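A.B. asks: could you work out the structure for the sequence below:
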Amino acid sequence: MATQRLKIENIADVAVVHFLDNRILDEPTIQAIADQLFSLVDDENRHKLLLNFDKVEYMSSAALGKLINLHKKLTGLKGKLAMCAVIPQIMEVFTITKLDKIFKIFPTEEVALKTFN
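C.D. replies: Coordinates of the predicted model:
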């Protein structure tokens, strides 16, 4: 069984995902996180995900690809993906790659949760 890389908290019908790693850089870690996120959608039928990046300090571009795929999958299911508590360094990556236009990114979990209603 893969190491748990995520802590999932259910708030109403939203799965709030906290990352347990502060560095999401190597392929095994990224794949484990992607598997756990996609499992939420595929196996647990969760279509509203809020990714809380409060602990994440570094994230590789490979991880961005997984987030894009997750976003596409949820969009196809009429679901919703939002992010919150993204530190400036990672926000800069989202901005440079124009992903800040695709992803809904909020300053705090509370603000983000209000957008799911």
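A.B. asks: switch to C-alpha atoms for all contacts and neighbour counts from now on
C.D. replies: Noted.
A.B. asks: the protein: strands as residue ranges?
C.D. replies: With DSSP state E, the ranges of strands along the chain come out as 6-11, 14-19, 23-24, 48-52, 58-59, 80-84, 104-106.
A.B. asks: which of the ones you listed sits most buried?
C.D. replies: strand 48-52 (a mean of 24; mean count of other CA atoms under 10 Å).
A.B. asks: just give me the residue right at the centre of the protein.
C.D. replies: residue 51 (3.6 Å; CA atoms, centre = their mean).
A.B. asks: who are the contact partners of that residue?
C.D. replies: Listed by CA atoms under 8 Å, 6 or more residues apart in numbering, the contact partners of residue 51 are 16-19, 81-84.
A.B. asks: any idea how far it is from residue 12?
C.D. replies: Separation of residue 51 from residue 12 (CA to CA, to the nearest Å): 15 Å.
A.B. asks: check residue 57 too.
C.D. replies: Taking CA to CA, one finds residue 57 at 28 Å from residue 12.
A.B. asks: who's more crowded, those two?
C.D. replies: residue 57 (15 against 10; other CA atoms under 10 Å).
A.B. asks: any idea how far residue 58 is from the residue lying closest to that one once chain neighbours are set aside?
C.D. replies: Nearest residue to residue 57, sequence neighbours excluded (CA to CA, 6 or more residues apart in numbering): residue 22, at 5.2 Å. To residue 58, residue 22 is 7 Å away according to CA to CA.
A.B. asks: got it, and residue 31?
C.D. replies: 16 Å.
A.B. asks: leaving out the residues flanking it, which one is nearest to residue 41?
C.D. replies: Once flanking residues are discounted, residue 41 sits nearest to residue 47: 6.0 Å by CA to CA, 6+ apart.
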